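1. The sequence and its predicted three-dimensional model are supplied below.
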Amino acid sequence: MNRKLVLLNALLLLAVIFGGVQLSDQYQAAKARQAALRAVRISPSPAPPFVPLPNDAPVMPSRYKDVAIQDLFHPSRNPEIVKELPPPPMPELPRYHGQMNLGDGPMALLVEKSGMQEKAIKPGETIGQFKLVDVTTSEITFAWTFNGELARRSLSSMIDRPAAAAVGTDARSSPAPSAPPPPQIKTVIGPGELTAMGTRICDVNDSTPAGTVVNGFKKTEGRTPFGAFCVWDPVK
């Protein structure tokens, strides 16, 4: 038992001696580092040139006037009062001259202002500041392109009176139609000049009846939606 205690004490003593040696070595190394640092001479770097800061601009009342004049709880303190201008009056509507329908819907004959050129306008098209919305046999409706306001008027109130008066004045001032010229006396002439179609033209003074064959050409007369016609066709 005593031998074990002696061995344990010896081991503890060795540990204390080893720790003291290590501590002494670290202390000596620290002192050496401090001495080395104190021995180093560091030359200070030159200071940068002094640049004074710019002076602050003087405080002007105009820079904080918004704080004084604007108040979220009382907007009337804002001196810049926004005046709401009334809308401009609607300009004069286009004048009405008539209407027609060629199979694809009605078209109104309108003039932007009296004395201007007449235009054929379909519903949806514009003339001046207005768009034609609808036209019937009794009323016409426009939409003002400025704000979309509708204007419905009777056709009788939209007729261009100056133009109608001018037509009446021209009719009254125009001379009476002269008597028709005396009828021309027709004679038998026969086929006229040969055309590129192989036919011959009819002379207006030719009295040859239709169906007559002269020199191999037969006179043919008829009527179409565009008027009467006359031609000498070759006989085959």
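-> Arrived safely.
2. Report how many residues lie close to Thr94.
-> One thing to correct before we go on: residue 94 is Pro, not Thr. 25 (other C-beta atoms under 10 Å). C-beta here means a position set from N, CA and C on the backbone, and glycine is covered the same way.
3. How about Phe217?
-> Using other C-beta under 10 Å, Phe217 has 20 neighbouring residues.
4. repeat for the one 4 residues further on
-> Applying other C-beta under 10 Å, we find 12 other residues in the vicinity of Glu221.
5. what residues does stretch 144-153 touch?
-> With contact meaning C-beta atoms under 8 Å, 6 or more residues apart in numbering, stretch 144-153 is reached by 87-88, 90, 93, 126, 129-131, 133, 139-143.
6. quick one: low-confidence ranges for this structure?
-> Along the chain, the model assigns pLDDT under 70 to residues 1, 68-82, 161-188, 225-227.
7. quick check: domain ranges of the protein?
-> As assigned by automatic domain parsing, the chain contains the domains 95-173, 186-236.
8. Switch these over to CSV; also include distance to Leu13.
-> Formatted as CSV, the domains of the chain follow (distance: least, C-beta to C-beta, whole Å):
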stretch, distance to Leu13
domain 95-173, 110
domain 186-236, 143
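9. Among the ones you listed, which comes closest to Ala35?
-> Shortest separation from Ala35 across the domains of the chain is recorded for domain 95-173, at 95.2 Å, computed as C-beta to C-beta.
10. so how far is that closest one from its chain's centroid?
-> Centroid separation for domain 95-173 versus its chain: 26 Å, with C-alpha atoms, centre = their mean, to the nearest Å.
11. Taking the centroid of the protein, which residue is nearest it?
-> Nearest to the geometric centre of the chain sits Thr145, at 13.4 Å (C-alpha atoms, centre = their mean).
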